[in-house]
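J.: Output the structure for:
(2 chains, ligands or ions: 2)
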Amino acid sequence: MRRILEGSQAVAESVAMCRPKVVCAYPITPQTHIVEGLARLVAEGRLDAQYVLVEAEFSAASVVLGASATGARAYTATSSQGLLLMTEVIFNIAGMRLPVVMTVANRAVSAPINIWNDQQDSMSLRDCGWIQMYAEDIQEACDMHIQAFTIAEELNIPVMVCMDGYILTHAMEPVEVPEQEHVDAYLPPFKPKFYLTPKDPITLGSMAGPDAYMEIRLLLHQSMQRASFTIREEANRFEEAFGRSYGDLLGSYRAEDAELLLVSMGSLLGTMKDAVDELRDGGHPVGIVKVRTVRPFPRTQLHDALADARIVGVIEKDISLGLEGILCSEIRSAFCGAARTPNISSFVVGLGGRDVTVDNIKDIALGLLSDDTCRVEVAGIDHEVLWSAHSEEE
Amino acid sequence: MEAAGPDVIIANATGCLEVFTTRFPRSSWQVPWIHSLFENPASVASGIEVALKALGREDEAKVIAQAGDGGTADIGMGAFSGMLERGHNILYVCYDNEAYSNTGFQRSGLTPKDALTTTSPAGPTSWGNLTRKKDLPAIVAAHGAAYIATSSVGYPVDITRKVKKALTFTGPKYLQIHCPCVPGWGIESAISVRMARYAINSGLYPIFEMEYGKITKVRKIKKEDLVGVEEYLKPQKRFAHLYKYPGGEEHIKAIQAAADANIEKYGLLAE
Ligand SMILES: Cc1ncc(C[n+]2csc(CCOP(=O)(O)OP(=O)(O)O)c2C)c(N)n1
Ligand SMILES: [Mg+2]
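T.: Ligands and ions are numbered 1, 2, ... in the order given. You can find the predicted model right below:
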């Protein structure tokens, strides 16, 4: 059924259709509407779950950890400071191979404190052992959650579904809300591969010394690499079941014969598509490669998708301070030892909710087409603000 | 463990107990057991408890959380408070050895005043730990916990009885067990049980039970068992500075006064 819904409400309804048994979260803007939505669904009796009100994100993550270890499908959601506060538990959930699903409503990280969107929060946690997927629009965010549970439970790897705060969480859009029976057919009830029960006692979270730690981490790394197949399979299975597809680990837009390929993830892709349409109308050979999955990192797929372009511009809302955009560095690694490498440049945009317009994207593209020198740019800076911030620092 | 029976699920904090019992690939635990982190067993146990409910498996197991004094009173305090406030049906056991033993005996919020630890060393300008021991049972009581008890490895039968009793209550239950740490306290292991008993029989570590906020039982000190605090302090290296530096007597007097106050407050002396 097609309905006009706020992104958060749409995600809450999709998550509810996945029938989590334990929902536990702590409020933080811009995640709040999702967890409020779920609280309402539980209160209305439309979601049969334990909804646990905790005193901090650290406990929210710990509660879903305990619940998942006991064999319950468990869900949480957070943003920014909340995600960082959870960090220790986030690593722990992955290390214990618990198939938790979490929404990250992407938001800038303090200081300075800022509630608006960028992707610094989840990108900073890319090494924690969770699968990380980024949604482009509200529909994809909804559908990605449904896929996330199947992927997580098949692999025993937790999944983070990242959606841009405000831009996706607070926007109203027509959304195709699936029927419960279709979701049930696609996503069967959770059958844990192991769980805490006196009927078959197990020890979870034991200590591993130098003699075994590396092997256990390697197994997680290898499962993570194999996750690429599962993600692709699930994308196909989802398309068969629901008729919607967004690519698998990658997607692309007007990428054929492109001399310049722009790469990004999340809602920025919508703006970029408009920019590319205009550029193509003007005769400029520009296309887009969309990164849906940051972990596992689609290294070979990215190499293959980008290898024929002369220029690559990676546009992203995060920065590894002192280096460049995080995704850009990783894309460079895809070309390590390659016969031919495009000129790859990093553009950091839209931090802390700074608007990124179609014209901004066109400027970046036209700039690269006229001068393809590899560069690292923090784009869209207001130099007056920069000077006043600078003099305050002095 | 024996007291709780096999139908339990245990959430353990990082600390001595965890490190010694679960080195991969072996485990000393014959019951379902999970260790997540230092500061979150209360929340992990909460998750276990709600999951059992959500899955209709409440009757399958009793949920127990275990942590040290540091994991409970310091770094895990927020999570512990949340667990108590939400009213989960969990028995929380705190093994109180009065410091962070696992990391080499640093000060915790349950380290008693004037005790030396590696981060509260004593010397001519310091008497060791400067703050008094946090009254954790009172904090738990303020949350409205169903059952609260203190106990001691000095009296193992007492522990067994209290675990059994605790598990008859629905809601959050708290058991704080005083445990001498042989290397940390600087004692011979042969006297650790005696030290545990002296802590009680001097009045320094009151042993009591509380049900729904009211004290229902205290462990009385028999007249012949009553000891002065010095019997307890003197054999422990963590208090040796009280006998070394001038002015120590004043501190010992203050400790005796605190013990006397406990005796008075809890009515610890047998008739
Ligand atoms: C976040 C975090 N900080 C510090 C540590 C290091 N650490 C592990 S156990 C421990 C002390 C444990 O003390 P306590 O809870 O009293 O238990 P005990 O070892 O005395 O039984 C510390 C500081 C840790 N594991 N995690
Ligand atoms: Mg301790």
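J.: where does the chain dip in pLDDT?
T.: You didn't say which chain, so I picked chain A. Confidence mapping of chain A against pLDDT under 70 gives zero matching residues.
J.: Sorry, I should have been clearer: chain B.
T.: B:1.
J.: tell me, how many neighbours does the residue of it found nearest chain A end up with?
T.: Across chain B, the shortest distance to chain A (Cβ to the nearest Cβ) belongs to residue B:47, at 2.5 Å. All C-beta spots, glycine's among them, are computed from the backbone N, C-alpha and C. By the criterion of other Cβ atoms under 10 Å in any protein chain shown, residue B:47 has 34 neighbours.
J.: Secondary structure class of it, three-state.
T.: helix (DSSP: H, G, I helix; E, B strand; the rest coil).
J.: Check which helix or strand the residue lying closest to it once chain neighbours are set aside maps to.
T.: Take residue B:47 and drop its neighbours on the chain: the residue closest to it by Cβ to Cβ, 6 or more residues apart in numbering or on different chains is residue A:66, 2.5 Å away. Per DSSP states H and E: residue A:66 is located in helix A:57-69.
J.: Quick check: residues of the stretch 101-250 of chain B near ligand 2?
T.: Proximity of the stretch 101-250 of chain B to ligand 2, by Cβ under 5 Å from the ion, involves residues residue B:101.
J.: Just the strands from the stretch 101-250 of chain B, written as ranges.
T.: Applying DSSP state E, counting those that start in this stretch to the stretch 101-250 of chain B gives strands spanning B:122-123, B:126-127, B:147-152, B:173-178, B:208-211, B:214-218.
J.: now these in CSV, with distance to ligand 1 and mean neighbour count?
T.: Listed next are the strands of the stretch 101-250 of chain B as CSV, based on distance: least, Cβ to the nearest ligand atom, whole Å; neighbours: other Cβ atoms under 10 Å in any protein chain shown:
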stretch, distance to ligand 1, mean neighbour count
strand B:122-123, 20, 16
strand B:126-127, 21, 17
strand B:147-152, 15, 25
strand B:173-178, 11, 25
strand B:208-211, 22, 19
strand B:214-218, 25, 13
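J.: is it true that residue A:19 lies in a strand?
T.: No - Residue A:19: not assigned to a strand; according to three-state DSSP it is coil.
J.: The residue nearest to residue B:47 and residue B:49, how far apart?
T.: Residue A:66 sits 8 Å away from residue B:49, taking Cβ to Cβ, to the nearest Å as the criterion.
J.: what about these two, which has more around it?
T.: residue A:66 (34 against 29).
J.: hmm, back to that, of the strands of the stretch 101-250 of chain B, which is nearest residue A:280?
T.: strand B:173-178 (67.6 Å; Cβ to Cβ).
J.: With just CA atoms, put that closest one into PDB.
T.: Output of strand B:173-178 as PDB, limited to C-alpha atoms (Å, rounded to 0.1, in the frame of the first residue of the first chain):
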ATOM      1  CA  LYS B 173      17.400  -8.400  44.300                       C
ATOM      2  CA  TYR B 174      20.800  -7.400  45.500                       C
ATOM      3  CA  LEU B 175      23.400  -9.500  47.300                       C
ATOM      4  CA  GLN B 176      26.700  -7.900  48.300                       C
ATOM      5  CA  ILE B 177      29.400 -10.400  49.300                       C
ATOM      6  CA  HIS B 178      32.500  -9.300  51.200                       C
END
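J.: give the contact list for residue B:165.
T.: For residue B:165, the contact set (Cβ atoms under 8 Å, 6 or more residues apart in numbering or on different chains) comprises B:147, B:149, B:209.
J.: is the helix or strand hosting residue B:65 up against chain A anywhere?
T.: Using DSSP H and E, residue B:65 sits in strand B:62-68. No - using Cβ under 8 Å from any Cβ of the partner chain, we find that strand B:62-68 stays clear of chain A, coming within 9.0 Å at best.
J.: Around chain B, pick out the residues from the stretch 151-300 of chain A.
T.: A:196-199, A:201-209, A:212, A:216.
J.: Contact partners for residue B:133?
T.: B:98, B:109, B:110, B:111, B:112, B:113.
J.: Please report the distance of it from residue A:270.
T.: Residue B:133 is 59 Å from residue A:270, by Cβ to Cβ.
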